[in-house]
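J.: The sequence and its predicted three-dimensional model are supplied below.
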Amino acid sequence: MVISVSLGAQSYPILLEPGALARAGEHLSLDRRVLVVTDSGVPQEYAQAIASRCRQSRICTLPAGEGSKSMDSYHLLLREMLRLHMDRGDCVAAVGGGMVGDLAGFAAATYMRGVDFYNIPTTLLAQVDSSVGGKTAIDLDGVKNAVGAFHQPRAVLIDTDVLRTLSPRQTAEGLAESVKMAMTCDASLLSLIETASDLTAALPEIIARSLRIKAQVVEQDPTERGLRRVLNFGHTLGHAIESCAGGELLHGECVALGMVPMCAPPLRPRLTAILQRCGLPTECGCTAGQLLSYLLHDKKAASGSIAAVLVDEPGTFRMETMTPEEILRRWEERNA
């Protein structure tokens, strides 16, 4: 299956098929110097499958975890690109989850003012969301995605076979992003996640439908000036929770926690049940006071207010400018 992201000169395909890694040489332009970026949690053969098809390559394996999405790792990748004598005709390939894609994409965006970038996501979360759209970033001083750039990939290659190696917790984390898109844009997708007798068997359809939503939104708003903010549903509180939790919670788990307060009170029990069915948390120990400082650093904040995404009915959304205090009031009242 090919899903196109139509952005004029920056258009690219999302290639979705079982066994796609083994056919990477047919889908991607790898006859050049390629820095292959991965992490220690990704099976080594995935990065090797890409590197073996390049004219010249170097695999850079970072420690797994959000802690690697740092300025030090960014500098490391740039130095590796220099050592490989890469020029503007060469490229970076990210093989891993969202951390790898964000970091490698940012390095590609800034090395020699931008080189080609391929995203090969190996987690469900990255496959349904972060691999598409060109958002690249690193964290700074505990603030998630504080430094970044928009840099669209040349292609996204999704091999659904790699999902077999994920833990149940990683699968649940990815489902959080699909629930997010369903809540805001596709009530029937929400029903599928809610009622599917076997969520694992339903994953190919969930991935494809999530990607179509993401592609359509990105096409209309590639640099998040308006509509694309809908994809931040659950993320305003989610990013604050993620920073507050200090690595104890995965990104998708934090998004799940951040969605419940931002939907209408009558919808919260249904959403909570769906998240629990997916294996996601619906409670954590972060207090409003702990979250406040992180909300104040939210990159969506302007003049003390944040453009928040709210859901009153599945498949619909509205945007409202709120203060951090108003958002935290919803957090405190989420179980009322």
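T.: The structure has been received and is ready for your questions. Residues are numbered from 1 along each chain as shown.

J.: Sketch out the strands for the stretch 101-250 of the chain, chain order is fine.
T.: Here the stretch 101-250 of the chain has its strands, by DSSP state E, counting those that start in this stretch, at 116-121, 135-140, 143-150, 155-158.

J.: Which among the ones you listed is found nearest to residue 75?
T.: Among the strands of the stretch 101-250 of the chain, strand 135-140 comes nearest to residue 75, with 10.1 Å by C-beta to C-beta. From N, CA and C alone the C-beta is placed, and that goes for glycine too.

J.: buried residues in the closest one?
T.: In terms of neighbour count (16 or more other C-beta atoms under 10 Å), strand 135-140 has its buried residues at 135-139.

J.: Repeat that for stretch 52-60.
T.: Buried residues in stretch 52-60, counted by 16+ other C-beta under 10 Å: 53-54, 57-60.

J.: Those residues into a markdown table, with extra columns for distance to residue 317?
T.: A markdown table is the format used below for the buried residues of stretch 52-60 (distance: C-beta to C-beta, whole Å):
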| residue | distance to residue 317 |
| --- | --- |
| 53 | 41 |
| 54 | 42 |
| 57 | 42 |
| 58 | 43 |
| 59 | 41 |
| 60 | 38 |
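
J.: of those residues, closest to residue 39?
T.: Of all the buried residues of stretch 52-60, residue 60 has the smallest distance to residue 39: 9.5 Å, by C-beta to C-beta.

J.: how's the protein carved up into domains?
T.: As assigned by automatic domain parsing, the chain contains the domains 2-165, 168-332.

J.: Work out the gap between the shortest one and the centre of the chain.
T.: On the basis of C-alpha atoms, centre = their mean, to the nearest Å, domain 2-165 sits 12 Å off its chain's mean C-alpha point.

J.: quick revisit: among the strands of the stretch 101-250 of the chain, which is nearest residue 105?
T.: That would be strand 135-140 among these, by C-beta to C-beta, at 3.3 Å.

J.: Give me the angle between the closest one and strand 143-150.
T.: 140 degrees (axes from the mean of the first three to the mean of the last three C-alpha atoms, to 10 degrees).

J.: Please list the outside residues in contact with strand 135-140.
T.: 66, 69-71, 73-74, 101-106, 108-109, 145-151, 224 (C-beta atoms under 8 Å, 6 or more residues apart in numbering).

J.: By mean pLDDT, show me the worst of the strands of the stretch 101-250 of the chain.
T.: Set side by side, those differ in mean pLDDT, and strand 143-150 is lowest with a mean of 90.

J.: what comes up buried for that strand?
T.: Under 16+ other C-beta under 10 Å, the buried positions of strand 143-150 are 144-145, 148.

J.: Could you list the low-confidence segments of the stretch 201-336 of the chain?
T.: In the predicted model of the stretch 201-336 of the chain, residues 298-303 satisfy pLDDT under 70.

J.: and which of the buried residues of stretch 52-60 is nearest residue 271?
T.: Closest approach to residue 271 among the buried residues of stretch 52-60 (C-beta to C-beta): residue 60, at 39.1 Å.
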